[in-house]
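Chemist: Provided below for reference: sequence and predicted model.
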Amino acid sequence: MSATASPTTIGAELAVEMYRQMTRIRLFEEQANELYRGAKMPGLTHLYIGEEAVAVGVCSALRRDDWITSTHRGHGHCLAKGADVDRMFAELLGKEAGYCRGKGGSMHIADHENGNLGANAIVGGSAGIATGAAYSAKFRGTDQVAVCFFGEGALGQGLVYEVMNMASLWQLPVIYVCENNMYNEYTHYLEATAGDILARPRAFGIEAREVDGQDVRGVYAETAELVERSRNGAGPGFLLANTYRYHGHHVGDVDRAYYRSKDEEALWRSERDPLAIHGTWLESKQLATPDDLARITDKARAEIEAGLQFALDAPFPDPSEVTEDLYA
Ligand SMILES: Cc1ncc(C[n+]2csc(CCOP(=O)(O)OP(=O)(O)O)c2C)c(N)n1
């Protein structure tokens, strides 16, 4: 999605568009879960439901020619940066029409036309790619910015600190977006993460902010400021977005009681839901009525159903191309 980049105030059109994008992501993910449960999807997937405001708030502050890199939990990032649902579903199902001709699957979706340099199943693995892209922008004298999405689990990866050091030394236009959904697989992050997260980027002299990741307007506003700084040559930024995944670590992680309580899950769903929070705000500002929001949901549902049908009907790649586009 490309939207106006610099202003931190949000116009009515963008505010409604952000609701539409979050709805689209949620419905896409619910359908992906059904594909898994119905044994129609090879492999598994990591659902982004609950975290939609992070991807949408961040990508709304980017231009189409800005870059993102993504993670194993990447569908929301891809969609928010402009991907089409039909080619996304096709990739999940291993079809030729998918973003990577069906050879990448859920965790390896790239969409270069929209500035998505790719999801990455290696925790922290895309930090070098995003930082390299930012170096390229600086070297070539463009004003593009690169955003690196990663979960708080990646804070245990040395690469993240190597590239933050370089990005600060060379004043690169890269924003590190840490999506803290509180769990590294089945372990609470406090059992694996010492000290203050924001002290880490600040040790490198990187401008670091924290935001409520369930508040899409807040995420947008903080990102827009960091992007504007970076675009104008002020170097890297770091955004810590506090959020929550409603589902398991992956679709097969159904019984979660041994590492987090049902009460905790219920509380986030009922009190901290990003769609509900933003929908209520839109209504309170008279930017949308409940009927308007229902219409947005209906249209998004129709888009998801059509995209799914497209992917189900699409052909698999020809077996003769099995070794094409593969690198080892
Ligand atoms: C280098 C590496 N180590 C371990 C794994 C296995 N693994 C996949 S996801 C994950 C946890 C990631 O947690 P986090 O980064 O917080 O992202 P989240 O799943 O919470 O979105 C782990 C350990 C991996 N993919 N890559």
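Modeler: Noted; the coordinates are in hand.

Chemist: Which parts of the stretch 151-300 of the chain are strands?
Modeler: Along the stretch 151-300 of the chain, the segments classed as strands by DSSP state E, counting those that start in this stretch run 174-180, 183-184, 187-188, 207-212, 237-242.

Chemist: Which one, of these, ends up nearest to the ligand?
Modeler: strand 183-184 (4.0 Å; C-beta to the nearest ligand atom). Glycine gets a C-beta too; all of them are placed from N, C-alpha and C.

Chemist: Relative to the whole chain's centre, how far out is the closest one?
Modeler: Here the centre of strand 183-184 is set off from its chain's centre by 16 Å, with C-alpha atoms, centre = their mean, to the nearest Å.

Chemist: hmm, back to that, from the strands of the stretch 151-300 of the chain, which stretch is densest packed?
Modeler: The highest average neighbour count among these, using mean count of other C-beta atoms under 10 Å, belongs to strand 174-180 at a mean of 27.

Chemist: Need the mean per-residue confidence for that strand.
Modeler: Strand 174-180 shows a mean pLDDT of 98.

Chemist: and the angle for that strand with strand 207-212?
Modeler: Using axes from the mean of the first three to the mean of the last three C-alpha atoms, to 10 degrees, the direction of strand 174-180 lies 30 degrees away from that of strand 207-212.

Chemist: is the ligand contacted by the longest helix along the chain?
Modeler: Ranked by residue count under DSSP state H, the longest helix found in the chain is helix 12-37. No - counting by C-beta under 6 Å from any ligand atom, the ligand is not contacted by helix 12-37; separation bottoms out at 13.0 Å.

Chemist: Show me what that helix is packed up against.
Modeler: Packing partners of helix 12-37 (3 or more C-beta pairs under 8 Å, 6 or more residues apart in numbering; DSSP states H and E): helix 52-59, helix 75-80, helix 85-92, helix 216-231, helix 274-284, helix 290-313.

Chemist: and the first one, what's its mean pLDDT?
Modeler: In other words, helix 52-59. Rounded mean pLDDT across helix 52-59 is 98.

Chemist: Mind giving me the packing neighbours of it?
Modeler: Using 3+ C-beta pairs under 8 Å, 6+ apart: helix 52-59 touches helix 12-37, helix 75-80, strand 146-151, strand 174-180, helix 216-231, strand 237-242, helix 274-284.

Chemist: Find out how far the helix or strand that that helix is followed by is from the centre of the chain, if you would.
Modeler: Following helix 52-59 in sequence order, the next helix or strand is strand 67-69 (DSSP states H and E). Taking C-alpha atoms, centre = their mean, one finds strand 67-69 lying 10 Å from the centre of the chain it belongs to.
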